[in-house]
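Novice: compute the structure for the input listed below.
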Amino acid sequence: MAKVRLLVIVSSALLAVGLAGCTAGEDEPAPLPSTPVVQLGAPGEPNRTLSPSEAAGLGTIDYVEEDVLFVRDMLHHHSQAIQMTGYVEERTTDGDIRLLAERMQVSQTDEITQLETWLQKRGEPVRDPDGDHAHDAQSMPGLLTDDELAQLEAAEGDAFDELFLASMIRHHEGAVQMVSDLYASGGGQEPEIDAFARHVEADQNIEIVRMQEMLAER
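Specialist: Presented below is the predicted three-dimensional model:
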């Protein structure tokens, strides 16, 4: 950032002139970023180096309706994951699955708070005010049906372990698909949503690999 140097002179008249010059300089536009800024591409797409004017306008990108729908859907998706992990304590003694479920509960509870705060800061209702955006296994990838949830809740021991891992892998894959769908719809450009979506994609993919390994061991 350019610095304005004020030469202090004994003469009060010259000092006044110097201050006036300093004030005028404050009206000059801020320089465009000189360091290259790389924008990460959507899943499957290459990264892109932004022009100085594009980089300067990054902070002004606003959210769109697709972002709002994504946030509300992800809230519902995360809520079901927490419901699923809530079955673990009473239905298995497997230490690895207990640790995995605990991590999921903590991370997804934190993300639910983050998503609700995002909506509230933008004056958007946490729940769809129109009530016509249905949440079911057909409309949202990876979501378990009521019957599948009941089957998971009724299982115990090794049967529960295998069913939990298989169901949660599918659930996580659905969340990753939701991120891909967000970018495909033209959403995900607002910086905070973009950062959250990429975090979900990376974190869920890591857990998918881990759960696939755990399931293979059984």
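Novice: what residue ranges in the protein score low on pLDDT?
Specialist: Applying pLDDT under 70 to the chain flags the ranges 1-45, 50, 52-60, 128-138.
Novice: which stretches of it form helices?
Specialist: 12-25, 52-56, 65-85, 88-91, 95-121, 146-154, 157-184, 191-217 (DSSP state H).
Novice: let's have these in TSV, adding mean neighbour count and distance to residue 140.
Specialist: In this view, the C-beta of every residue, glycine as well, is placed from N, C-alpha and C. Shown next, in TSV, are the helices of the chain (neighbours: other Cβ atoms under 10 Å; distance: least, Cβ to Cβ, whole Å):
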stretch	mean neighbour count	distance to residue 140
helix 12-25	11	55
helix 52-56	14	34
helix 65-85	19	6
helix 88-91	15	22
helix 95-121	15	15
helix 146-154	14	13
helix 157-184	19	7
helix 191-217	16	14
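Novice: quick one: which of these is nearest residue 127?
Specialist: The minimum distance between residue 127 and the helices of the chain falls on helix 65-85, with 7.1 Å, by Cβ to Cβ.
Novice: what is that closest one packed up against?
Specialist: helix 95-121, helix 146-154, helix 157-184, helix 191-217 (3 or more Cβ pairs under 8 Å, 6 or more residues apart in numbering; DSSP states H and E).
Novice: can you rerun that using 7 Å?
Specialist: Secondary-structure packing of helix 65-85 (3 or more Cβ pairs under 7 Å, 6 or more residues apart in numbering; DSSP states H and E): helix 95-121, helix 157-184.
Novice: can I get those in a markdown table including distance to residue 208?
Specialist: Shown next, in a markdown table, are the helices and strands packed on helix 65-85 (distance: least, Cβ to Cβ, whole Å):
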| stretch | distance to residue 208 |
| --- | --- |
| helix 95-121 | 12 |
| helix 157-184 | 5 |
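Novice: out of these, flag the one nearest residue 199.
Specialist: Residue 199 lies closest, by Cβ to Cβ, to one member of the helices and strands packed on helix 65-85: helix 95-121, at 8.2 Å.
Novice: any idea how far the residue nearest to residue 214 when sequence neighbours are not counted is from residue 150?
Specialist: Take residue 214 and drop its neighbours on the chain: the residue closest to it by Cβ to Cβ, 6 or more residues apart in numbering is residue 165, 5.7 Å away. Distance of residue 165 to residue 150, given as Cβ to Cβ, to the nearest Å: 18 Å.
Novice: one more: residue 192?
Specialist: From residue 192 over to residue 150 (counting by Cβ to Cβ), the distance is 37 Å.
Novice: likewise residue 182?
Specialist: 30 Å.
Novice: ok, now residue 73?
Specialist: In terms of Cβ to Cβ, residue 73 sits 23 Å off from residue 150.
Novice: check residue 218 too.
Specialist: 22 Å.
Novice: what of residue 110?
Specialist: 28 Å.
Novice: same question for residue 196.
Specialist: 31 Å.
Novice: now do residue 169
Specialist: 19 Å.
Novice: just residue 181 next, same as before
Specialist: Distance, residue 181 to residue 150, using Cβ to Cβ: 28 Å.
Novice: likewise for residue 51?
Specialist: Distance from residue 51 to residue 150, by Cβ to Cβ: 55 Å.
Novice: repeat for residue 157
Specialist: 17 Å.
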